[in-house]
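Enquirer: what follows is a predicted structure for the sequence shown.
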Amino acid sequence: MFDVNSEIPAYNTPDLLAVILIGVLGGLLGSLYNYLVDKVLRTYSFINERGPAFKILLVIAISLLTSCCAYGLPWIAQCTPCPTDSDKECPTIGRSGNYKNFQCQPGHYNDLASLFLNTNDDAIRNLFSSGNKNEFHITTLFIFFTGIYFLGVITYGIAVPSGLFIPVILAGASYGRLVGRLMGSFSSLDVGLFALLGAASFLGGTMRMTVSLCVILLELTNDLLMLPLVMLVLLISKTVADCFNKGVYDQIVKMKGLPYLEAHGEPYMRHLSAGDVCSGPLIVFSSVEKVGNIMHALMMTRHNGFPVVDEPPFVEAPELSGLVLRSHLLVLLQRKKFTKNRVLSGSELLTVFHAFDFAKAGSGKGLKVEDLDLSEEEMEMYVDLHPITNTSPYMVADTMSLAKAAVLFREIGLRHLCVVPKTPGRPPIVGILTRHDFMPEHVLGLYPQIAHQK
């Protein structure tokens, strides 16, 4: 897609020093980019929460600013004579191309307009090109990098489909080519290769992905001989950026409050057990429960799962029967198959249901508590939960290491993990662990002294 260099890339010790410099710059600029994006997104969240009108006004303001930069900045650039040895049309006629005329006299082109007033693909292709190293002035590359850098920061997060990948590639390629121009007498590498390494370093500094970015960039250039340099610059930029903050997507996940579990538990989790983080009052249903109790629990909590315990007179001693889901309880209550006395209904209760009744509904399409219409008499009746109870939920002992429980929870892809007592004579269930119970904010909130021991 992008022909960086048709020659075999050869490099020596000064070239490796230049590559290391590109990696360090990518790490520093990438970490600063992530910091600014985080601050801007937090500001936009307050604006967007005020209603659709403010979202539209924000989009209009950013659009006007982007248009002013794209059409205003090229006016400060000087016109450059068209190269005589180029086989490409100069100036370019149409939307895409390498050389934009933009108010220049015939036979000249505006290099800054060739970057701003162009498609993203052509702009990247122009920066990666190796045919004419003087195609873009140093001041042009600096202005374009500054503009794309800050426009990318303020554009992400508004109510339009805008991303980070292409702006990051453009900004990285521009400062990479800029470094290549400045180090022309020191390094023998082509400016197009410097642009590619700049894009790789900025991607590594912002997104902190190594293998996937390396594959993507090699697929774009189709040159395996660049693999060592791309790998080196990605590792350096990621290492430098990790000293300041996390990747941009990790920060966004954390800002949104999404309970993302890492592949391995935190070190302090090895000193805690699963029972140590079971907090809050545990809501337990009897195997044959009063309808009013179920309705009260559903209205007062947002829990998705509830433990079900068999109690006398159905068993000799209380024991854990299993786990029942909130969605299944709503379906059961909607059909109103209740009994006046506390008796077992058995599997005959399921004959009135279809398999699709308990299927997972789409987002926002499932039953809600507000959809149920129960009378006072029905609230005093009983319902058997055995037919809809999962009698084989995943369970761990309360003495199990929290780190081991976190790995088990993530590897199996659970939503609920029942914690049961190891010693007899206690209630049949200690608590239920969800993703939020493994979050550092929850664990350190229960045991703040651990934060000083990490």
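Expert: That came through, no problem.
Enquirer: tell me how far the longest helix along the chain lies from the chain's centre.
Expert: Longest helix in the chain, counting residues (DSSP state H): helix 13-48. From the chain centre to the centre of helix 13-48 is a distance of 17 Å (CA atoms, centre = their mean, to the nearest Å).
Enquirer: neighbours of L182, just the number please.
Expert: Number of residues near L182 (other CB atoms under 10 Å) recorded here: 14. All C-beta spots, glycine's among them, are computed from the backbone N, C-alpha and C.
Enquirer: quick check: closest non-adjacent residue to it.
Expert: Closest residue to L182 apart from its sequence neighbours, by CB to CB, 6 or more residues apart in numbering: I138 at 7.0 Å.
Enquirer: now L282
Expert: G431 (5.5 Å).
Enquirer: and L229, by the same measure?
Expert: Nearest non-adjacent residue to L229 (CB to CB, 6+ apart): V19, at 5.6 Å.
Enquirer: circling back to that earlier point, what packs against the longest helix of the chain?
Expert: On a contact count with 3 or more CB pairs under 8 Å, 6 or more residues apart in numbering; DSSP states H and E, helix 13-48 meets helix 52-72, helix 138-155, helix 165-182, helix 191-207, helix 227-242, helix 248-255.
Enquirer: identify each buried residue in it, please.
Expert: Buried residues in helix 13-48, counted by 16 or more other CB atoms under 10 Å: 15, 18-19, 21-34, 36-38, 40-41, 44, 48.
Enquirer: ditto for stretch 291-301
Expert: For stretch 291-301, a neighbour-count test (16+ other CB under 10 Å) marks V291, I294, M295, A297, L298 as buried.
Enquirer: on that earlier part again, and the angle from the longest helix of the chain to helix 165-182?
Expert: 140 degrees (axes from the mean of the first three to the mean of the last three CA atoms, to 10 degrees).
Enquirer: per-residue confidence averaged over helix 13-48?
Expert: Averaged across helix 13-48, the pLDDT comes to 93.
Enquirer: just the angle for it relative to helix 52-72, thanks.
Expert: Going by the same axes, to 10 degrees, helix 13-48 makes 140 degrees with helix 52-72.
Enquirer: could we number from 743 for the rest of this?
Expert: With 743 as the first residue, the last one maps to helix 755-790.
Enquirer: what packs against the helix or strand bottoming out on mean pLDDT in the chain?
Expert: Lowest on mean pLDDT, DSSP states H and E among the helices and strands of the chain sits helix 953-963, with a mean of 82. In terms of contacts (3+ CB pairs under 8 Å, 6+ apart), helix 953-963 is packed against helix 933-949, helix 969-984.
Enquirer: now do it against helix 933-949, angle only.
Expert: With the same axes, to 10 degrees as the basis, helix 953-963 and helix 933-949 are set at 150 degrees to each other.
Enquirer: show me the contacts for the nearest residue to L945 once chain neighbours are set aside.
Expert: Leaving aside its chain neighbours, L945 sits nearest to L955 (5.0 Å; criterion: CB to CB, 6+ apart). By CB atoms under 8 Å, 6 or more residues apart in numbering, the residues touching L955 are A942, L945, G946, M949, L976.
Enquirer: the same query, at a cut-off of 7 Å, please.
Expert: A942, L945, G946, L976 (CB atoms under 7 Å, 6 or more residues apart in numbering).
Enquirer: between the least confident helix or strand of the chain and helix 969-984, how big is the angle?
Expert: Between helix 953-963 and helix 969-984, the angle comes out at 140 degrees (the same axes, to 10 degrees).
Enquirer: list the buried residues in helix 953-963.
Expert: Using 16+ other CB under 10 Å as the burial criterion, the residues of helix 953-963 that qualify are L955, C956, L959, L960, L962, T963.
Enquirer: okay, it in CSV with CA atoms only?
Expert: Output of helix 953-963 as CSV, limited to C-alpha atoms (Å, rounded to 0.1, in the frame of the first residue of the first chain):
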residue,chain,number,x,y,z
VAL,A,953,3.3,-7.4,17.9
SER,A,954,0.0,-6.3,16.3
LEU,A,955,1.4,-2.9,15.3
CYS,A,956,4.5,-4.5,13.9
VAL,A,957,2.4,-6.8,11.7
ILE,A,958,0.2,-3.9,10.6
LEU,A,959,3.1,-1.7,9.6
LEU,A,960,4.8,-4.5,7.7
GLU,A,961,1.7,-5.3,5.8
LEU,A,962,1.4,-1.7,4.8
THR,A,963,4.9,-1.6,3.5
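Enquirer: burial of R950, as a residue count?
Expert: The tally of other residues near R950 (other CB under 10 Å) stands at 24.
Enquirer: just the element for T1141, please.
Expert: Assignment of secondary structure by DSSP states H and E places T1141 within no helix or strand.
Enquirer: and it, backbone torsions?
Expert: Main-chain torsions, T1141, degrees, to the nearest 10: phi -90, psi 0.
Enquirer: ok, G1173 to V1161 distance?
Expert: For G1173, the distance to V1161 equals 5 Å [CB to CB, to the nearest Å].
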